[in-house]
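> sequence unknown, structure follows:
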């Protein structure tokens, strides 16, 4: 298993370098929207500029590290019929997707972390004073967030066996998640109704919850409900993938076979 | 000019006929457009839950700006965006030669040949939002306001077209199209809010370097009676300059283009 993983990791690593330019464009392009939102908030609360800078810069990093693109890939492959090649391979396709995620997110980390360190010399609010336990909690929440977001996206990818417009539906869910995941506003600034809803949906655990830990906005109660929520959603989504995959393979009739 | 209007009408007709074959998609598209505009309004509402002005603009004003933004985005998706992948295909397959030998301007042909009609729903929704904003504000624009609005929105259209062409022309060297339109989206996104919201050098950059301010802010402020002769004039100048640049760049690209087929 480990040896197999090493091999596909290396493959995906090489693959990544053939798309250098577009990877960079995507990475920097996705920064624009959070930065604009940051400007809006700094405009509304001019005296809290520092907290917003920290929140939204951290948001960019966390968003990249949890980002998921598998549904677009799978939709294309299922439509074009190339997904069949993946199915007949002896190693479950999900492992290829996971390896790809590890490689790309590794690259994001390698690029973004030095940027953060350099920036923190100029912007003091970016210097983090988190205890070791805080870091541990943050990393755990981040990992869970990445798993949930990946699983959510992969689940929709599998739904592509049944539906043709699966990316449109997924994009709709992504848009709704803008509000709840903490991308439009830090959790504390949302209206109470939205706050309540977001506790029960997976989106907050994808991005908002790790961010709350990193910015020190999470108290014990938030931590408890947050980790419970993340864990439940991770298990639910992984279960859904396993089940849908079995059902989907029966349903699948490849194009152009 | 008349000839080009006639040719465009012909593009319009053929694309409409083509689109009418897929009528069943209409409901889905209508739904997704409605959803899109609803989300943008909700987003503004999240901000206005905490404040009652954004960069000196009240809720109704921001809605008017958002309406203009939506209209312009609808127009980009209607006429410009569908042509991006085709140009790439033309370049890769070498069929651009056929376009070049046609007795029409190649830049005109390449950028406006394919239209996606259902995107006009976004345009209509955007206009609706503008009217709704004006009603909320209890403001009736005078003829002068409308005049300034008209000039600045024309300039905005030309700026958008030129920027899009500048980006699209890079297709001769860069081959991934989704990246290119993604770059445009990121830039366009900055025009969603009043430019007065941005501070310092960023505002200057968004006004003069990438003229996001001139695209939505100048028309919107004209419409709500806060027009400014200098800003409108600047918009017209910027439009002419960017169009000239786009034109030059297209010519330059064509001069360097070696067909794929020969």
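Alright, I've got the coordinates. Note that the structure is a prediction, hence the values are computed from the model and not measured.
> quick one: residues contacting whatever residue of the stretch 101-250 of chain B ends up closest to chain A.
Nearest residue of the stretch 101-250 of chain B to chain A (C-beta to the nearest C-beta) works out as residue B:186 at 4.1 Å. Placement of C-beta: from N, CA and C, glycine included. Counting by C-beta atoms under 8 Å, 6 or more residues apart in numbering or on different chains, residue B:186 makes contact with A:29, A:32, A:33.
> now residue A:131
So residue A:131 contacts nothing (C-beta under 8 Å, 6+ apart).
> same check, this time on residue A:134
A:213, A:216.
> ok so it is a strand residue?
No. Under DSSP: H, G, I helix; E, B strand; the rest coil, residue A:134 sits outside any strand and is assigned helix.
> how close does it get to residue A:143?
As judged by C-beta to C-beta, to the nearest Å, residue A:134 and residue A:143 stand 15 Å apart.
> residue B:33 too?
Distance, residue B:33 to residue A:143, using C-beta to C-beta: 37 Å.
> so which of these two has more stuff around it?
It is residue B:33, of residue B:33 and residue A:143, that has more neighbours when counted by other C-beta atoms under 10 Å in any protein chain shown, with 22 against 15.
> what does the model give the more buried one for pLDDT?
Residue B:33 is assigned a predicted lDDT (pLDDT) of 87.
> ok, it touching residue B:125?
Yes. Here residue B:33 lies in contact with residue B:125, judged by C-beta atoms under 8 Å, at a distance of 6.0 Å.
> close to chain A: what parts of chain B are there?
Chain B has residues B:28, B:32, B:35-36, B:39, B:42-43, B:46-47, B:49-51, B:54-55, B:174, B:176, B:178-179, B:182-183, B:185-187, B:189-190, B:192-193, B:197-199, B:202 near chain A, with proximity defined as C-beta under 8 Å from any C-beta of the partner chain.
> coming back round to it: columns pLDDT, neighbour count and distance to residue B:217 on top of the contacts of residue B:186, output as CSV?
What follows is the contacts of residue B:186, written out as CSV (pLDDT from 0 to 100; neighbours: other C-beta atoms under 10 Å in any protein chain shown; distance: C-beta to C-beta, whole Å):
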residue, pLDDT, neighbour count, distance to residue B:217
A:29, 79, 18, 22
A:32, 86, 18, 17
A:33, 87, 21, 19
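> what are the ranges of the helices in chain B?
Shown for chain B, the helices assigned by DSSP state H span residues B:2-20, B:26-48, B:59-75, B:83-93, B:96-101, B:106-112, B:120-137, B:143-169, B:177-189, B:200-204, B:212, B:218-223, B:229-255.
> so what touches stretch B:222-239?
For stretch B:222-239, contacts defined as C-beta under 8 Å, 6+ apart pick out B:61, B:64, B:68, B:130, B:134, B:137, B:139, B:141-142, B:144-146, B:148-149, B:151-152, B:154-156, B:158-159, B:162, B:208, B:211, B:214, B:218, B:221.
> just the buried residues out of those residues, in ChimeraX syntax.
To isolate the buried subset of the contacts of stretch B:222-239 in ChimeraX, counting by 16 or more other C-beta atoms under 10 Å in any protein chain shown, use the following:
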select /B:61,64,68,130,134,137,139,141,145,148,149,151,152,155,156,158,159,162,211,214,218,221
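> poorly predicted segments of the stretch 51-200 of chain B, please.
Residues of the stretch 51-200 of chain B that meet the criterion pLDDT under 70 lie in B:175-178.
> who's in contact with residue A:217?
Residue A:217 touches A:186, A:187, A:188, A:211, counting by C-beta under 8 Å, 6+ apart.
> what about the nearest residue to the first one once chain neighbours are set aside, how many neighbours?
In this case it means residue A:186. Excluding the flanking residues, the one nearest residue A:186 by C-beta to C-beta, 6 or more residues apart in numbering or on different chains is residue A:55, at 5.3 Å. When counting by other C-beta under 10 Å, one arrives at 26 neighbours for residue A:55.
> tell me the contacts of residue A:55?
A:38, A:186, A:211, A:215.
> would TSV of these with secondary structure and neighbour count be doable?
As requested, the contacts of residue A:55 are exported to TSV (DSSP: H, G, I helix; E, B strand; the rest coil; neighbours: other C-beta atoms under 10 Å in any protein chain shown):
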residue	secondary structure	neighbour count
A:38	helix	19
A:186	coil	20
A:211	helix	28
A:215	coil	18
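> touching, residue A:77 and residue A:87? I think so.
No. With contact defined as C-beta under 8 Å, residue A:77 does not count as touching residue A:87 (10.0 Å).
> the more surrounded of the two?
Higher neighbour count among residue A:77 and residue A:87: residue A:77, with 17 against 13, using other C-beta under 10 Å.
> the more buried one: which element?
Per DSSP states H and E: residue A:77 is located in helix A:70-80.
> could you name the helices and strands sitting against the helix or strand that that helix is followed by?
Downstream of helix A:70-80, the first helix or strand assigned by DSSP H and E is helix A:83-88. Contacts defined by 3 or more C-beta pairs under 8 Å, 6 or more residues apart in numbering or on different chains; DSSP states H and E place helix A:83-88 against helix A:70-80, helix A:93-122.
> tell me the angle of the helix holding residue A:77 relative to helix A:93-122?
Per axes from the mean of the first three to the mean of the last three C-alpha atoms, to 10 degrees, the angle that helix A:70-80 makes with helix A:93-122 is 140 degrees.
> could you find the closest non-adjacent residue to residue B:32?
Using C-beta to C-beta, 6+ apart and skipping residues adjacent in sequence, the residue nearest residue B:32 is residue A:168, 6.7 Å away.
> what about the one you found, how many residues close to it?
Quick note: residue A:168 (other C-beta under 10 Å) scores 14 neighbours.
> hmm, residue B:31 and it touching each other?
No. Contact criterion C-beta under 8 Å: residue A:168 and residue B:31 do not qualify, at 9.7 Å.
> can you give me the buried ones in the helix of greatest length in chain A?
Counting residues, the longest helix found in chain A (DSSP H) is helix A:220-251. Neighbour-count burial for helix A:220-251, counted by 16+ other C-beta under 10 Å, picks out A:226-227, A:229-230, A:233-234, A:237-238, A:240-241, A:244-245, A:248.
> now do that helix: which elements does it pack against?
Under the contact rule (3+ C-beta pairs under 8 Å, 6+ apart), helix A:220-251 is packed against helix A:132-159, helix A:192-200, helix A:203-206, helix A:208-214.
> swap in 10 Å and give it another go.
For helix A:220-251, the elements it packs on are helix A:83-88, helix A:93-122, helix A:132-159, helix A:192-200, helix A:203-206, helix A:208-214, judged by 3 or more C-beta pairs under 10 Å, 6 or more residues apart in numbering or on different chains; DSSP states H and E.
> for the stretch 1-150 of chain A, what lies in contact range of chain B?
Applying C-beta under 10 Å from any C-beta of the partner chain, we find that the stretch 1-150 of chain A lies next to chain B at A:19, A:21-26, A:28-33, A:35-37, A:39-46, A:49, A:72.
> which of those count as buried?
With burial judged by 16+ other C-beta under 10 Å, the buried subset of those is A:22-23, A:25-26, A:29, A:31-33, A:35-37, A:39-44, A:49, A:72.
> shaky segments in chain A?
Flagging of chain A using pLDDT under 70 yields the residue ranges A:252-257.
> which of the helices of chain B sits closest to residue A:98?
helix B:177-189 (23.5 Å; C-beta to C-beta).
> next, the angle from the closest one to helix B:83-93.
Using the same axes, to 10 degrees: helix B:177-189 against helix B:83-93 is 150 degrees.
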